[in-house]
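Participant: turn this into a model:
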Amino acid sequence: MPRVVFASVAPARDVSRLHVRTPLVKSAPLSEIMRRDVYLKLECAQPSGSFKLRGVGRACALAVERDGARLLVSSSGGNAGLATAHAGRELGAQTVVYVPETTPERVRDALRAYGAEVEVRGTQWSEANAAATARAAACGGAMIHPFEGEDTWDGHSTMIDEIAEDLGGRKPAAVATCVGGGGLLAGCLRGIERCGWGDDVVVVAMETIGADSLNASMRAGEVVTLPAITSVAKSLGAASPSPAVFKMCVELGDARVRVRACDDAHAVAACLRFADDHRVLVEPACGAALSAAYFPELGALDGISSDPRAPIVVVVCGGSVIDRASMNELAKAFSLA
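Facilitator: Sure thing, here's the model as predicted:
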């Protein structure tokens, strides 16, 4: 079977650990739908509201504790910025977060509540990222990329270690996750390799149509840039995926990494069903991953392990950029209210 060679798949080096160990819980409704055990890795329980605290928090801790940085600069429409702001507060570092104009005011307020300086630049993340990169270079700050980098992937990979421990020796048939720029996907692949699951566990990487830059790149056979992000899943809004992650997907092939997409209606419907089933509110980006299990007709999980004892794990990535009012608006927009 094909392999991806990481710089390291060893456990993360010791630095301040800002993330928490999150629950892995069995979902009775999804297990019934899929006719096998389905477990939920509740990354929405992280202090910053999403999985981003694992990798981004690790990158921030290394920048401060190893490299002596006193200024952390991030570009994010939400989750990565919140993780950076949380990390900066815990580490005693100044934080500046550049966000695009599409970032909701409540998210900007949450960033400020952590003590971060918020700068608004452009209509897409790429414009905010360019401004953040220039600021970091001019001020000598540490640029904390929202999804690129070995240290970030190393941090994200720790969730797979926890999943393996909590499953107690059971090997999952598939791990379903969402993908934006690709950092979470890279972390999952690194953790799976470290656990020795590489030949048997399929990673299902879900995007929403309109934010599906990895799907578009896979179809084109090269990294492409979307002209605009038209999906409601704005936190998946990387107009182009990480070139390194794209290369991983190509090298591993569809047997190891399935890159799939759902429409916004399915993503929002999955969020609503998840809220009813588990009393947890998550954003449409997370709904993309949940849709793979809530809607088998999408085919994302077709043909996985024939062993019904092999469970499916869905990464519930977070919900820090959603609230009840905005979810109600989305439900009405897609006639799901």
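Participant: tell me, how many residues neighbour V120?
Facilitator: Residues lying near V120 (other Cβ atoms under 10 Å) number 14. Bear in mind the C-beta positions are built from the backbone N, C-alpha and C, glycine included.
Participant: give the bridge partners for it, please.
Facilitator: V99 (DSSP bridges).
Participant: do the same with L42
Facilitator: V316.
Participant: now V56: which helix or strand?
Facilitator: Assigned by DSSP states H and E, V56 belongs to helix 52-65.
Participant: low-confidence ranges in this structure?
Facilitator: Low-confidence segments of the chain (pLDDT under 70): 1-14.
Participant: what's the domain layout of it?
Facilitator: As assigned by automatic domain parsing, the chain contains the domains 24-51+151-333, 52-148.
Participant: so for S16, which of these sits nearest?
Facilitator: Nearest of those to S16, taken as Cβ to Cβ: domain 52-148 at 4.6 Å.
Participant: count the residues that sit near R66.
Facilitator: 11.
Participant: what residues are up against it?
Facilitator: V15 (Cβ atoms under 8 Å, 6 or more residues apart in numbering).
Participant: quick one: contacts for the residue most central in space within the chain?
Facilitator: The residue lying closest to the centre of the chain (Cα atoms, centre = their mean) is L184, at 4.6 Å. Residues near L184 by Cβ under 8 Å, 6+ apart: 51, 55, 147, 156, 177-178, 315, 317.
Participant: with neighbour count and distance to S242 added, can I get those in a markdown table?
Facilitator: As requested, these are exported to a markdown table (neighbours: other Cβ atoms under 10 Å; distance: Cβ to Cβ, whole Å):
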| residue | neighbour count | distance to S242 |
| --- | --- | --- |
| F51 | 33 | 16 |
| G55 | 33 | 12 |
| F147 | 25 | 6 |
| H156 | 31 | 12 |
| T177 | 27 | 14 |
| C178 | 32 | 14 |
| V315 | 29 | 17 |
| C317 | 32 | 16 |
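Participant: with respect to S240, which of those residues is nearest?
Facilitator: F147 (11.2 Å).
Participant: wait, the closest one sits on G180?
Facilitator: Yes. The criterion here is Cβ atoms under 8 Å, and F147 meets it with G180 at 6.7 Å.
Participant: now do the shared contacts for those two.
Facilitator: A238.
Participant: all strands of the stretch 201-337 of the chain, in order?
Facilitator: Using DSSP state E, counting those that start in this stretch, the strands assigned to the stretch 201-337 of the chain run over residues 202-208, 257-262, 312-316.
Participant: the last one versus strand 202-208: what angle between them?
Facilitator: Right, strand 312-316. Between strand 312-316 and strand 202-208, the angle comes out at 40 degrees (axes from the mean of the first three to the mean of the last three Cα atoms, to 10 degrees).
Participant: what about strand 312-316, distance to the chain center?
Facilitator: 12 Å (Cα atoms, centre = their mean, to the nearest Å).
Participant: only the C-alpha atoms, please, for that strand, written as CSV.
Facilitator: Once non-C-alpha atoms are left out, strand 312-316 reads as follows in CSV (Å, rounded to 0.1, in the frame of the first residue of the first chain):
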residue,chain,number,x,y,z
ILE,A,312,-16.7,4.6,12.1
VAL,A,313,-15.2,7.6,13.8
VAL,A,314,-16.5,11.1,12.9
VAL,A,315,-14.4,14.1,14.0
VAL,A,316,-16.8,16.7,15.3
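Participant: let me have the strands of the stretch 201-337 of the chain in TSV, adding distance to P104 as columns.
Facilitator: As requested, the strands of the stretch 201-337 of the chain are arranged in TSV below (distance: least, Cβ to Cβ, whole Å):
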stretch	distance to P104
strand 202-208	18
strand 257-262	23
strand 312-316	21
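Participant: among the ones you listed, which is nearest S217?
Facilitator: Across the strands of the stretch 201-337 of the chain, S217 has its closest neighbour in strand 257-262 (8.6 Å, Cβ to Cβ).
Participant: strands paired with that closest one, and their directions?
Facilitator: Here, using DSSP bridges, strand 257-262 pairs with strand 202-208 (parallel).
Participant: what ranges does the stretch 151-300 of the chain have for its helices?
Facilitator: Ranges of helices in the stretch 151-300 of the chain, per DSSP state H, counting those that start in this stretch, are 158-167, 183-194, 213-220, 243-252, 264-278, 284-294.
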